[in-house]
Every structure is written in structure tokens, then in C-alpha cells.
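S.K.: Take a look and give me a structure for this.
(one chain, ligands or ions: 1)
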Amino acid sequence: MNNTPAVKILLIVFLLFIGCAQPQGTLPQYNQQLSIEEQKIQNQLFADSWLKTYIDVSENGLNILFNAVDLCRDEDQIYGIGVDIATRYDGPESIRAELTKSLFLSDEITVVATGINTPARIAGFKKGDKIIKINNMSAPYGIDANSEFYKIIREAENKIHKFVINRDGQDLIIEVGSKKRCRFGFFVDLDNSTFNAFADGNYIALSLRMAKWLAQDEIGIALVFAHELAHNANRHIDDKKTNMQAGAGVGLLLDIFARSQGVQTDFMNMGANMGAMSYSIDYENEADYLSIYALALSGYDINDAANFWRRFAVEVPSSIYSKGGSHPSTSERFVRIEKTIKEVYAKINNGEKLLPN
Ligand SMILES: [Zn+2]
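M.R.: Numbers count the residues shown, from 1 in each chain. This is a model prediction of the structure:
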């Protein structure tokens with residue numbers, strides 16, 4: 001562009017003019033202090049909305065990590081009981097104070113969620129329980145309590161753990177046997193604008209927006225979680241980032257871990273689509289295939305699983321005709337999954353063990 005001095009001066013005059021422009025009406029007086037109070041209210045509402053979604057992911061995710069354990073390799077199996085716990089030191093930093101308030105977190109370990117069909121749920125653990133003692137020892141306490149708790153639980157093979165918990169001021173004893181599970185961790189990011197889910201070899205991650213959308217129907221969270229688990233279980237991504245033994249269901253904590261491991265950066269850069277990491281289409285089809293087995297093993301009604309891809313197509317219409325990208329089209333996914341559902345039902349009806357071909 002050839003900006004002559006005259007044009008520049010005109011431009012400056014113009015900018016000065018609009019810079020000085022004022023609304024003509026008189027606005028009601030604005031109270032900044034009230035605005036600061038309102039920020040706190042809004043952040044609490046956001047934190048509670050995130051938490052509701054996170055708990056949904058945790059309950060379904062733990063179900064699949066435990067009950068689809070046969071899909072994970074031996075070296076990817078650890079022991080667990082199926083509780084998701086937190087102290088006041090856990091959770092994403094920008095909403096930690098709000099989560100502490102909503103969940104009554106303290107230095108003691110608090111149960112945040114229990115996985116569907118997991119030993120903890122069956123033994124009677126409930127959200128809000130404070131864990132006081134484990135196997136006659138004082139339970140871990142304070143800033144490292146979360147990781148210390150999972151250290152105690154993950155190592156012990158098929159062990160019956162005796163817990164003393166405090167529920168509404170009353171001490172209760174709960175005995176629960178540990179069970180095998182896939183080791184992978186999971187988290188729900190705070191990203192409410194990106195529509196994304198991915199697996200990086202250690203974690204299963206959902207963006208908040210994706211998780212909220214998935215939570216609208218019965219099988220959504222479970223299906224995507226199972227798909228991402230299949231990527232991790234089958235080493236679809238060769239993870240060079242970290243050998244950290246991630247995952248013992250410490251989702252709230254893992255969110256912080258993930259950030260320190262640089263996962264957040266990948267996450268932000270991945271664009272607005274599901275599993276946008278570059279797997280081949282074959283890997284995607286394999287993950288879809290295995291996801292149906294994982295769902296069936298975890299007690300979900302797989303009849304509706306193919307329909308998920310119709311709903312996804314409505315939400316992301318560019319995926320209907322997608323060709324040559326990193327993902328199969330939603331039409332291909334629908335057709336293939338229908339076939340897989342038939343295969344799984346045939347095995348169930350024949351009384352065969354539910355393992356993929
Ligand atoms: Zn995928």
C-alpha cells in the first residue's frame with residue numbers, strides 16, 4: 001500500500017475522532033466492586049459445571065478401565081478399587097478454590113466419584129466420604145496424599161483393603177478387594193471452545209466442550225472414552241513424551257500433571273476435531289472396533305452405539321463426507337460399527353468370551 005503523508009494524517013485524525021467518541025446516553029453508575037464479586041460467582045458456576053462433567057467422565061471412565069481390562073496388555077494393568085479422590089491441593093488451579101468449596105475438600109482424602117461397576121461402588125463408597133484409615137494405618141494426608149493413596153492401592157494384587165471412612169460425621173468401616181484395571185489416566189480440560197478428545201499413550205483426555213456434548217446422551221462419554229482407551233491399549237501412539245506411570249484414576253490431580261508434562265500444549269494445538277492426533281484411518285477403525293467390545297464388557301447397551309456416529313455427524317457435518325483425512329467418515333464409522341455390534345452379540349449369544357477377533 002502506498003500511504004502518502006496526507007492519507008496518514010487523515011487516518012490519524014479519523015482515529016482520534018472515533019477514539020474520543022462517547023455514548024450519548026447516561027449509563028447507570030457502574031460499581032466495580034460488585035463486578036469483582038460477580039466474577040467470583042461466575043467462576044464458581046463454571047467450576048461446578050466443569051465438576052459435574054468431570055464426575056460423569058470419571059464414573060464412566062473408571063467403569064471401562066476396570067471392566068475392559070482384558071483389552072490392555074499385562075504391562076498396562078495395575079490394581080485399583082475404583083475411587084476417584086482429591087484433597088484441597090488437587091484440581092485445575094484456576095478453579096481449585098471453588099472445587100474445594102463445592103466438594104468440602106481439606107487435607108484429608110475425599111472421595112470425588114466412584115466408577116460404575118467397580119469394587120468401590122459395589123462396596124458402598126460414596127462421593128463425599130473422607131478416608132481416615134487404610135489397613136489400620138492413618139490414611140495419607142496433605143499435599144502428597146493423592147499420589148500416596150494410589151501407591152498403596154495399585155501395587156497390591158487382589159488384596160482386601162480395610163478402610164475407615166467418615167461420612168456425615170460418622171465413622172464407618174468399608175472392606176473392598178482391589179481388582180485389575182488398565183493403568184491409563186484421564187482428565188477433562190477447562191477448554192470450553194474446542195471440540196476434542198485424544199489419547200497420548202498415557203492419558204485419555206476430553207475437552208470440556210466435547211465432554212459436555214457427550215454427556216447429553218447415555219453412551220457418549222463411554223463410547224469416546226473406550227475409543228481413546230483402545231488407542232492407548234494398542235500403542236497407536238508411541239509416546240516419547242514421558243514414561244511416567246500415569247494413571248491410577250487420579251483425574252483431578254492428573255490435570256495438573258498433564259500440564260506440567262506439556263500435554264496441554266498439544267491439546268490446544270490440535271484443532272477442533274475428535275482425536276485429531278494423526279493416527280492412520282486403520283488405527284481409527286481399530287479403535288472403533290475395540291470400543292464396542294470395551295462397552296459391552298463394561299455393561300453398556302451397545303444397541304445405540306452406531307447411532308452415536310449419526311449424532312456426531314449432525315454436530316460435525318464436515319465429517320460426513322470426509323475423505324483422505326486422518327479419520328474415517330462418520331458414515332463409514334456407522335456402517336462398520338453396526339457390523340461389530342452384530343459380531344459382539346453373536347459372541348454373547350454363543351456364550352463365547354468377549355474378546356476381539
Ligand atoms: Zn481416534
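
S.K.: only C-alpha atoms for contact and neighbour calcs from this point on.
M.R.: Will do.

S.K.: For the nearest residue to residue 232 once chain neighbours are set aside, give me the pLDDT.
M.R.: Closest residue to residue 232 apart from its sequence neighbours, by Cα to Cα, 6 or more residues apart in numbering: residue 201 at 4.7 Å. On pLDDT, residue 201 comes in at 88.

S.K.: hang on, residue 201 is in a strand, isn't it?
M.R.: No: counting by DSSP: H, G, I helix; E, B strand; the rest coil, residue 201 is not found in a strand; it is coil.

S.K.: Next, count neighbours for it.
M.R.: Applying other Cα atoms under 10 Å, we find 25 other residues in the vicinity of residue 201.

S.K.: so it touches residue 237, yeah?
M.R.: Yes: Residue 201 is within contact range of residue 237, at 5.8 Å (criterion: Cα atoms under 8 Å).

S.K.: which residues are common contacts for the two?
M.R.: Jointly contacting residue 201 and residue 237 under the rule Cα atoms under 8 Å, 6 or more residues apart in numbering are residue 231.

S.K.: Would you enumerate the residues in contact with the closest residue to residue 334 other than its chain neighbours?
M.R.: Leaving aside its sequence neighbours, residue 334 sits nearest to residue 306 (Cα to Cα, 6+ apart; 5.1 Å). Listed by Cα under 8 Å, 6+ apart, the contact partners of residue 306 are 333-335, 337-338.

S.K.: Please check those and keep the buried ones.
M.R.: 333-334, 337-338 (16 or more other Cα atoms under 10 Å).

S.K.: just the strands in this structure please.
M.R.: With strands called from DSSP state E, the chain shows them at 77-80, 83-86, 109-114, 130-134, 137-138, 160-167, 170-177, 179-182, 185-188, 197-199, 203-206.

S.K.: and those strands as JSON lines, adding mean neighbour count and distance to residue 31?
M.R.: As requested, the strands of the chain are arranged in JSON lines below (neighbours: other Cα atoms under 10 Å; distance: least, Cα to Cα, whole Å):
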{"stretch": "strand 77-80", "mean neighbour count": "24", "distance to residue 31": "51"}
{"stretch": "strand 83-86", "mean neighbour count": "28", "distance to residue 31": "37"}
{"stretch": "strand 109-114", "mean neighbour count": "24", "distance to residue 31": "37"}
{"stretch": "strand 130-134", "mean neighbour count": "22", "distance to residue 31": "41"}
{"stretch": "strand 137-138", "mean neighbour count": "12", "distance to residue 31": "50"}
{"stretch": "strand 160-167", "mean neighbour count": "18", "distance to residue 31": "42"}
{"stretch": "strand 170-177", "mean neighbour count": "15", "distance to residue 31": "45"}
{"stretch": "strand 179-182", "mean neighbour count": "26", "distance to residue 31": "53"}
{"stretch": "strand 185-188", "mean neighbour count": "28", "distance to residue 31": "35"}
{"stretch": "strand 197-199", "mean neighbour count": "26", "distance to residue 31": "41"}
{"stretch": "strand 203-206", "mean neighbour count": "27", "distance to residue 31": "38"}
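
S.K.: quick one: the residue nearest to residue 334 and the ion, what's the gap?
M.R.: Noted for residue 306: a distance of 15 Å to the ion, by Cα to the ion, to the nearest Å.

S.K.: Read off the pLDDT value for that residue.
M.R.: With respect to pLDDT, residue 306 has a value of 93.

S.K.: That one and residue 336, how far apart?
M.R.: 8 Å (Cα to Cα, to the nearest Å).

S.K.: Likewise for residue 94?
M.R.: Distance from residue 94 to residue 336, by Cα to Cα: 42 Å.

S.K.: Of the two, which one has the most company?
M.R.: Neighbour count, other Cα under 10 Å: between residue 94 and residue 336, residue 336 has more, with 15 against 11.

S.K.: give me the low-pLDDT residue ranges for the chain?
M.R.: Residue ranges of the chain with pLDDT under 70: 1-21, 156, 158, 238-279, 324.

S.K.: go again using 50 as the cut-off
M.R.: 1-3, 239-251, 253-278 (pLDDT under 50).

S.K.: Scan it for its longest helix.
M.R.: helix 32-67 (DSSP state H).

S.K.: now, which of the contacts of residue 306 sits nearest residue 171?
M.R.: In terms of Cα to Cα, no member of these lies closer to residue 171 than residue 337, at 47.8 Å.

S.K.: gap between the residue lying closest to the closest one once chain neighbours are set aside and residue 64?
M.R.: Among residues not flanking residue 337 along the chain, residue 306 sits closest, at 5.6 Å (Cα to Cα, 6+ apart). Per Cα to Cα, residue 306 is found 18 Å from residue 64.

S.K.: Kindly report the same for residue 71.
M.R.: 10 Å.

S.K.: Can you check which residues contact both of these two?
M.R.: residue 294.

S.K.: Counting neighbours, go ahead and name the busier of those two.
M.R.: Per other Cα under 10 Å, whichever of residue 71 and residue 64 has more neighbours is residue 64, with 30 against 23.

S.K.: you'd agree that one is up against residue 295?
M.R.: Yes: Residue 64 lies in contact with residue 295 (Cα under 8 Å); the separation is 7.1 Å.

S.K.: distance between the ends of stretch 120-140?
M.R.: Termini of stretch 120-140 sit 18 Å apart (Cα to Cα).

S.K.: Can you give me the neighbour number for residue 284?
M.R.: 22.

S.K.: residues touching it, list them.
M.R.: 327-328.
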